[in-house]
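J.: Provide a 3D model corresponding to the input given below.
(one chain, ligands or ions: 1)
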Amino acid sequence: MSVFRDDFLWGGACAANQFEGAWDVDGKGPSVPDMCTNGSHTEPKWVTRTIRPDRLYPSHEAIDFYHHYEEDIALFAEMGFKVFRTSINWTRLFPTGEEAEPLEAGLAFYDRVFDCCKAHGIEPLVTISHYELPFALVEKYNGWAGRELIGFYMNYCKAIFARYRGKVKYWLTFNEINCGTMPFGSILGTGTFQGFEGPTNEVPDNEQERYQALHHQFVASAQAVLYAHEHYPEYKMGNMICFITSYPYTCDPADMVANQQQMNMMNWFCSDVQVRGEYPYFAKRFFAEHGITIKMEPGDLETIKKGTVDFYTFSYYMSNCTTTHKDAEAVGGNIGRGAKNPYLKASDWGWQIDPVGLRYTLNEIYGRYRIPLMVVENGLGAYDEKGPDGKVHDSYRIDYLRQHIEQMREAVKDGVDLMGYTPWGCIDLVSASTGEMAKRYGFIYVNKFDDGTGDLTREKKDSFDWYKKVIATNGEDLG
Ligand code: BGP
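T.: You can find the predicted model right below:
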């Protein structure tokens, strides 16, 4: 007997900007990632204000899911996916974000995708905004720092809620909304980099603007939830957090407090707003000490109070340590940087692998909120080499996923209400942080490379058959 519920949502996750390509087809406008060049583990990506002919923009073709969706969804179905997490490219419907009506060609593409999912018995889980802000809104309004964006976002939500009724039931309002709490988030998250061109790690940081932008996202998220609940009672609305559990590096009480503050602002701040419907108690002191004043309109706090989500989703790749001790060795990661944990090994990109931390994290989140949880991203970004037989034997990826599923099992036994699991990049796609193709997560290998070459053919890795067995046994057979 499986410990996972019978209707457990096994599947995989992607994001439109990282796999669709067709960036300017049928009137689609440029989104923020369309203005980002490729980079690497050591060289930062650039964001440019115009498309530069001497640069490579990996989102422009990506893996061309736009023209391969039938083949790709058929492969997902072959693995037994119950759910497919993807996102809608906002600018495929609203090229500048400001149009009153969506483009029919864009709407029709997602009809085809969702119909294809349904034909294979796969439930779509749709992220409404996954780093795909229309670039025009950055240039005109400084991204989400402009309050106008709430209206544009709602216009977009109303269009997709109406169009995809009967096809989509599960929605996430913003991908990794908490990346707006970090300077890094001002490009892909809040879009508060008006007028900037250069390496993404050199974007000038303006904390006041980032938190103001986050406030607008909170109001937009709550309005979308309220609207969906009122007009489409069958819709289930979720949030999405980039969860990076942090441990105190030592038992020095100063480290305990520093770690608590790190956990509060990095992981709990945004979801307290989206799940509990109010700014957390610790926000007041943080804002005061950082000179941040949030401009609100009457009704904002009431909207936030009422528009709370139905389920909580998060990405989980790694954990970190926080310390006040200057001699600790630093380590990188998907968003934050912290101290190196001597008990953990790291991926080739320096992300500390911590399966047990997933059990801990699931318990922490469920203990705090008591609503259903879903792990909507998890996985190992790795260099895949083909063996002499021409196949990728990714035992390292299987090990990573197996260990994480084992810990999900423990968490469910602990009593956590876990709805589903969608490992990241179930088919190889462009890395969000570096723009590389070489950082691969998929069960399916795509012949596409960092220099933009490749014939885009798809091939199954060893992990493909392994995951198929995991799903077929509802997570029992992880061998
Ligand atoms: C998350 C993002 C995804 C995805 C993933 C892996 O933060 O939501 O879009 O890309 O990280 O990160 P990367 O692509 O940088 O390896």
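
J.: so where's the stretch 251-400 of the chain uncertain?
T.: Within the stretch 251-400 of the chain, the ranges that satisfy pLDDT under 70 run 331-337.

J.: The residue of it found nearest the ligand - nearest residue in space that isn't next to it in sequence?
T.: Checking the stretch 251-400 of the chain residue by residue against the ligand with Cβ to the nearest ligand atom singles out residue 381 as nearest, at 4.3 Å. (Each C-beta comes from the backbone N, C-alpha and C, glycine too.) The shortest distance from residue 381 to any residue other than its chain neighbours is 4.1 Å, reached at residue 439 (Cβ to Cβ, 6 or more residues apart in numbering).

J.: for the one you found, what are its contacts?
T.: Contact criterion Cβ atoms under 8 Å, 6 or more residues apart in numbering gives 349, 381, 382, 383, 431 as the residues in contact with residue 439.

J.: By neighbours, which of those wins?
T.: In terms of neighbours by other Cβ atoms under 10 Å, the contacts of residue 439 top out with residue 431 at 24 neighbours.

J.: and it, backbone torsions?
T.: Residue 431 has phi and psi values of phi -70, psi 140 when expressed as degrees, to the nearest 10.

J.: Which residue lies closest in space to it, excluding its sequence neighbours?
T.: Spatial nearest neighbour of residue 431, excluding adjacent residues (Cβ to Cβ, 6+ apart): residue 439 at 4.3 Å.

J.: and for the lengthiest strand in the chain, what are the contacting residues?
T.: With secondary structure taken from DSSP state E, the chain has its longest strand at strand 236-242. Counting contacts by Cβ under 8 Å, 6+ apart, the residues outside strand 236-242 that touch it are 127, 169-179, 221, 224-225, 228-229, 267, 270-271, 274-275, 309-315, 334-335, 374, 376.

J.: Then stretch 289-308?
T.: 147, 207-208, 211-212, 215, 218-219, 221-226, 273-279, 286-287.

J.: Let's see which of those end up in strands.
T.: Counting by DSSP E, the contacts of stretch 289-308 place none of their members in strands.

J.: Now restrict the residues you listed to buried residues only.
T.: Neighbour-count burial within the contacts of stretch 289-308 applies to 147, 208, 211-212, 215, 218-219, 221-226, 273-275, 277, 279, 286-287; the criterion is 16 or more other Cβ atoms under 10 Å.

J.: how much space is there between residue 442 and the ligand?
T.: Computed with Cβ to the nearest ligand atom, to the nearest Å, the distance linking residue 442 and the ligand is 12 Å.

J.: tell me the contacts of the nearest residue to that residue once chain neighbours are set aside?
T.: The spatial neighbour of residue 442 that comes closest, neighbours along the chain excluded (Cβ to Cβ, 6+ apart), is residue 428 at 4.0 Å. Contact partners of residue 428, counting by Cβ under 8 Å, 6+ apart, are 63, 384, 437, 440, 441, 442, 444, 445, 446, 448.

J.: and which of those residues is nearest to the ligand?
T.: Of all the contacts of residue 428, the one with the least separation from the ligand (Cβ to the nearest ligand atom) is residue 441, at 7.1 Å.

J.: quick one: the closest one and residue 476, what's the gap?
T.: Using Cβ to Cβ, to the nearest Å, one gets 24 Å for the distance from residue 441 to residue 476.

J.: Compare the two and say which is more crowded by neighbours.
T.: For residue 441 versus residue 476, the count of surrounding residues by other Cβ under 10 Å is larger for residue 441: 27 against 14.

J.: Pull the number of nearby residues for the residue nearest to the more buried one when sequence neighbours are not counted.
T.: If you skip the residues right next to it in sequence, residue 441 has residue 425 as its closest partner in space, 3.2 Å away by Cβ to Cβ, 6+ apart. Here the number of neighbours of residue 425 (other Cβ under 10 Å) works out to 26.

J.: so what's residue 425 scoring on pLDDT?
T.: Looking at residue 425, its pLDDT stands at 98.

J.: Return the residues of this protein in contact with the ligand.
T.: Along the chain, the residues adjacent to the ligand under the rule Cβ under 6 Å from any ligand atom are 15, 18, 175-176, 242, 315, 334, 377, 381, 424, 431-434, 439.

J.: Just those residues: which are in helices?
T.: Taking DSSP state H, the ones among those that sit in helices are residue 18.

J.: related to what we said a few turns ago, my guess is the residue of the stretch 251-400 of the chain closest to the ligand contacts residue 441, does it?
T.: Yes: shown here, residue 381 and residue 441 form a contact pair, counting by Cβ atoms under 8 Å, at 5.5 Å.

J.: and for these two, which residues touch both?
T.: Common neighbours of residue 381 and residue 441 (criterion: Cβ under 8 Å, 6+ apart): residue 425.

J.: Excluding covalently adjacent residues, which one is nearest to residue 141?
T.: When the adjacent residues along the chain are set aside, residue 141 lies closest to residue 148, with 5.6 Å between them (Cβ to Cβ, 6+ apart).

J.: can you give me how far the helix ranked longest in the chain is from the chain middle?
T.: Ranked by residue count under DSSP H, the longest helix found in the chain is helix 207-231. Shown here is helix 207-231, whose average C-alpha point lies 17 Å from the average C-alpha point of the whole chain (Cα atoms, centre = their mean, to the nearest Å).

J.: same deal with stretch 244-260?
T.: Mean-position distance between stretch 244-260 and its chain equals 26 Å (Cα atoms, centre = their mean).

J.: list the buried ones in it?
T.: 244, 245, 246, 247, 248, 249, 250, 255, 258, 259.

J.: which pair in these spans the largest distance?
T.: Checking the buried residues of stretch 244-260 against each other with Cβ to Cβ, the farthest-apart pair comes out as 244 and 250, at 18.9 Å.

J.: Which residues are in contact with residue 56?
T.: Remark: with contacts taken as Cβ under 8 Å, 6+ apart, residue 56 is in contact with 37, 38, 451, 452.
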